[in-house]
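[1] Just a sequence and a predicted model for now, questions to come.
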Amino acid sequence: MADATHMDVSYIAHLARIHLAAGEAELFQGQLDQVLNYVEQLGELDLSNVEPTTRSTAAFEHPGVNVLRDDTPRPSLDHDAVIANAPAARDGQILVPKIME
Amino acid sequence: MDTCAPMKYEACIGLETHVMQKTVTKMFCGCRNEYGAPPNTNVCPVCLGYPGALPVLNAKAIELCCKAGLLLGCEINPHSKWDRKNYFYPDMSKNYQITQADRPLCLGGQIVTEVNGEMKTFTIERIHQEENAAKNTHDKSGSLIDYNRAGTALMEIVSTPCMHSADDAFAYIQALKLIMEYGGISDCDLEKGHMRSDVNVSVRPVGQEKLGAKVEIKNMNSPSFIVEAINFEIARQIELIENGGKVVQETRGYDSDRGETFSQRTKEDAHDYRYFPEPDLLPVEISAAQISQWKSELPELPVQRRERYVRELGLPDYDAKVLTAEKHISDFFDTACHKTKQYKLLSNYMMGKVASLVTEKGVSVIESKLTAGTLAQVADLVGGGNISSSAANELIEVLFTEGGDPKAIVEVKGMAQVNDDSALEKWAEEAIAANAKAVDAYKAGNAASVNALMGYVMKQSKGKANPPAVIAMLKKKLGA
């Protein structure tokens, strides 16, 4: 991984399978650096005794933890609908470009 | 030190074992967790990764993961959370897997088991809960994806690099499998891929503390292949170092036909999973009260059951070990023990006649027509002197293949042992009349001669006479 204040946009774009047009890498690199530098200001605070925030919704919900469901089946989607929604299919399976050599 | 690396090198082996939990539904949605269903029938917007679909945690999966942890002596994390592991592969259509990175459900733990007669302790680092990927098959034109398995509950049990030989790893896997089965956590059916391991192998000179560069052998379900792959890999790495080479940290596959591991070309960024907290799921907090509740519900483990067989049923430790080696056998035996007190006879039949029928007919004891109840009756019939041991074996075979009522079969097939005094007396008299020589020898003090007479009676009675009763009758007739 790159350090916290610099991430290579071309590398990130590759990992996310995003194709950048000519000039975009430079444009976004500047913007991304700005964002990272902004967030980096948090580093000025002593947070050694603060629990990391692991959720974004806790302030709005009660109790904010342990939202669980019983292990009881619910209906699945209709098989034909699933297949109709796939770009390609064969024998009830979803067909994708070959992923093994 | 280590048998595979004599003198100079020590192998360090760690396992990451994926275990599919025995839940009715998937980890994050209500689709059924069902093996062998027609492809893409147990799927919904959540497990297909449709935009906007939201996951909801399966309470049973959390319970089973924590119970697995308690069975393995782990600490249950009071605060655990969820993370996304990002990668692009069609077996995970969201383009990320929901898993636990820095706050797993269970921490620490160990497995104590026997390796070649020696008790060893293998340490566990953590258990985290995650979701399974879809099943892919490949042919010439493309790859076919069945999402039925996608999103099913999967735990990853990570050991420390505490094993030093293939035998250690084999014993660890066997012990782990038994604990998962006895604990009701997973069926651990290897053919159905319920338990698969990634194996990390490295070697280092004996005495060196720092671990050598590790090689990861991915996704193996057969314990015997794991043994082969480890042995091959240890030898390969030592040879490489001996010849002045260096072990490269990499992922390798195992080719079971060739019996060797091979380098799997991986993209250099393959391990950049860019973990980040899963915003769609809230953390899980587990109270001390909940942990005590789960602890109180834990079933008996194989080691405990083995001790109980010795302590309460008076069985030899050998019997106890054999009977507990497979859960369904042990459960069958347990049920039978509730119906008879002839524990040793039951044990003998389970390990003897029943086991050989299982091998011979290729049918497990559960699939057979024999029941714990009918086997218990056989033991009672033998224990009560109603049928002979050889008749019992014959009876068990009938019950195994055809089923039925033991007493009725004994009746119909004329298997009953004769205890009736008048019949015994008649056979004894015939034996004495026909074997003058043996009678003389017996009277002259050769006590063993009574066996010749006994043999005659058994032959005349077609094996139905009760041997102790025959001896008693003969001795009485001979005036002893």
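    It's in.
[2] I'd like to know how far residue A:94 sits from residue B:461.
    72 Å (Cβ to Cβ, to the nearest Å). No exception for glycine: its C-beta is placed from N, CA and C like everyone else's.
[3] who's more crowded, these two?
    residue A:94 (26 against 17; other Cβ atoms under 10 Å in any protein chain shown).
[4] Checking my notes, that one in a strand, right?
    Yes - membership of residue A:94 in a strand is supported by DSSP: H, G, I helix; E, B strand; the rest coil.
[5] Most proximal residue of the stretch 151-300 of chain B with respect to chain A?
    residue B:285 (4.6 Å; Cβ to the nearest Cβ).
[6] Contact residues of chain A facing chain B?
    A:1, A:11, A:14-15, A:17, A:54-58, A:61, A:64-77, A:79, A:82-83, A:88, A:90-100 (Cβ under 8 Å from any Cβ of the partner chain).
[7] now, which of those lie within helices?
    Among the residues of chain A next to chain B, the ones falling in helices (DSSP state H) are A:11, A:14, A:15, A:79, A:82, A:83.
[8] can you tell me which two in the residues you listed are farthest apart?
    A:11 and A:79 (40.0 Å; Cβ to Cβ).
[9] Show me what the host helix or strand of residue B:471 is packed up against.
    Using DSSP states H and E, residue B:471 sits in helix B:467-477. For helix B:467-477, the packing partners by 3 or more Cβ pairs under 8 Å, 6 or more residues apart in numbering or on different chains; DSSP states H and E come out as helix B:421-434, helix B:450-460.
[10] for the residue lying closest to residue B:38 once chain neighbours are set aside, phi and psi?
    Nearest residue to residue B:38 in three dimensions, chain neighbours excluded: residue A:92, at 6.1 Å (Cβ to Cβ, 6 or more residues apart in numbering or on different chains). Note on residue A:92: its backbone torsions stand at phi 80, psi 0 [degrees, to the nearest 10].
[11] Is residue A:92 in contact with residue B:40, as I believe?
    Yes - with contacts counted by Cβ atoms under 8 Å, residue A:92 reaches residue B:40, the gap being 5.9 Å.
[12] returning to what we had before: what comes into contact with the helix holding residue B:471?
    B:385, B:388, B:419, B:421, B:424-425, B:427-429, B:431-432, B:450, B:453-454, B:457-458 (Cβ atoms under 8 Å, 6 or more residues apart in numbering or on different chains).
[13] Now with 10 Å, please.
    B:385, B:388-389, B:417-421, B:423-429, B:431-432, B:439, B:442, B:447, B:450-451, B:453-458, B:461, B:465-466, B:480 (Cβ atoms under 10 Å, 6 or more residues apart in numbering or on different chains).
[14] Point out the other helices and strands that the helix or strand encompassing residue B:399 packs with.
    Under the criterion of DSSP H and E, residue B:399 resides in helix B:389-401. Applying 3 or more Cβ pairs under 10 Å, 6 or more residues apart in numbering or on different chains; DSSP states H and E, one finds that helix B:389-401 contacts helix B:343-349, helix B:355-361, helix B:372-383, helix B:406-412.
[15] just the angle between it and helix B:372-383, please?
    170 degrees (axes from the mean of the first three to the mean of the last three Cα atoms, to 10 degrees).
[16] how far away is residue A:26 from chain B?
    21 Å (Cβ to the nearest Cβ, to the nearest Å).
[17] cool, and residue A:33?
    The value you get for residue A:33 to chain B, if Cβ to the nearest Cβ is used, is 18 Å.
[18] Surely that residue is in contact with residue A:7?
    Yes - contact criterion Cβ atoms under 10 Å: residue A:33 and residue A:7 qualify, at 8.3 Å.
[19] Find me whatever residue is spatially closest to the single nearest residue of chain A relative to chain B, sequence neighbours aside.
    Residue nearest to chain B within chain A: residue A:74 (3.0 Å; Cβ to the nearest Cβ). Of all residues not flanking residue A:74 in the chain, residue B:30 sits nearest, at 3.0 Å (Cβ to Cβ, 6+ apart).
[20] The one you found - that's part of a strand, no?
    No - applying three-state DSSP, one finds residue B:30 to be coil, outside a strand.
[21] In contact with it, which residues?
    Per Cβ under 10 Å, 6+ apart, neighbours of residue B:30: A:69-76, B:24, B:42, B:44, B:46-47, B:56, B:58.
[22] which of the residues you listed lies closest to residue B:334?
    So of the contacts of residue B:30, ranked by how close each gets to residue B:334 (Cβ to Cβ), first place is residue B:24, at 25.4 Å.
[23] Next one, pLDDT for that closest one please.
    With respect to pLDDT, residue B:24 scores 98.
[24] what's the closest non-adjacent residue to it?
    For residue B:24, the closest residue by Cβ to Cβ, 6+ apart turns out to be residue A:71, at 4.9 Å.
[25] Double-check the one you found against residue B:31; I have them as touching.
    No - contact criterion Cβ under 10 Å: residue A:71 and residue B:31 do not qualify, at 11.6 Å.
[26] neighbour count winner among those two?
    Between residue A:71 and residue B:31, counted using other Cβ under 10 Å, the more crowded position is residue B:31 (27 against 20).
[27] so what's residue B:395 up against?
    B:353, B:374-375, B:377-378, B:381-382, B:387, B:404, B:406-407, B:409-410, B:413, B:415.
[28] which two in those residues are spaced the farthest apart?
    Farthest pair in these, by Cβ to Cβ: B:353 and B:407, 18.5 Å.
[29] neighbour count winner among the two?
    residue B:353 (21 against 16).
[30] and the more buried one, how far is that from residue B:399?
    From residue B:353 over to residue B:399 (counting by Cβ to Cβ), the distance is 10 Å.
[31] farthest residue from the center of chain A?
    In chain A, the greatest distance from the average C-alpha position (Cα atoms, centre = their mean) is reached by residue A:91, at 31.7 Å.
[32] what's around the one residue in the stretch 301-450 of chain B that gets nearest to chain A, how many residues?
    Residue nearest to chain A within the stretch 301-450 of chain B: residue B:327 (21.7 Å; Cβ to the nearest Cβ). Residues near residue B:327, counting by other Cβ under 10 Å, number 19.
[33] what's near enough to touch the closest residue to it other than its chain neighbours?
    Nearest residue to residue B:327, sequence neighbours excluded (Cβ to Cβ, 6+ apart): residue B:181, at 4.4 Å. Contact analysis of residue B:181 by Cβ under 10 Å, 6+ apart lists B:22, B:187, B:188, B:189, B:194, B:195, B:302, B:326, B:327, B:328, B:330, B:331.
[34] phi, psi of residue B:181?
    According to degrees, to the nearest 10, residue B:181 has phi -70, psi -50.
[35] Looking at it now. What's its pLDDT?
    Residue B:181 carries a pLDDT score of 94 in this model.
[36] What of residue B:475?
    pLDDT, residue B:475: 84.
[37] any idea how far chain A is from it?
    In terms of Cβ to the nearest Cβ, residue B:475 sits 68 Å off from chain A.
[38] ok, that residue to residue B:364 distance?
    On the measure of Cβ to Cβ, residue B:475 and residue B:364 end up 46 Å apart.
[39] where does the stretch 351-480 of chain B have low pLDDT?
    Low-confidence segments of the stretch 351-480 of chain B (pLDDT under 70): B:480.
[40] Get me the contact residues on it for chain A.
    The stretch 351-480 of chain B has no residues near chain A, with proximity defined as Cβ under 10 Å from any Cβ of the partner chain.
[41] Only the buried subset of the residues of chain A next to chain B, as a ChimeraX command please.
    A single ChimeraX command selects the buried members of the residues of chain A next to chain B (16 or more other Cβ atoms under 10 Å in any protein chain shown):
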select /A:54,55,65,68,71,76,77,82,83,93,94,95,96
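[42] Distance-wise, check the residue nearest to the spatial centre of chain A relative to residue B:143.
    Compute the mean C-alpha point of chain A, and by Cα atoms, centre = their mean the closest residue is residue A:16, 9.1 Å away. For residue A:16, the distance to residue B:143 (Cβ to Cβ) stands at 22 Å.
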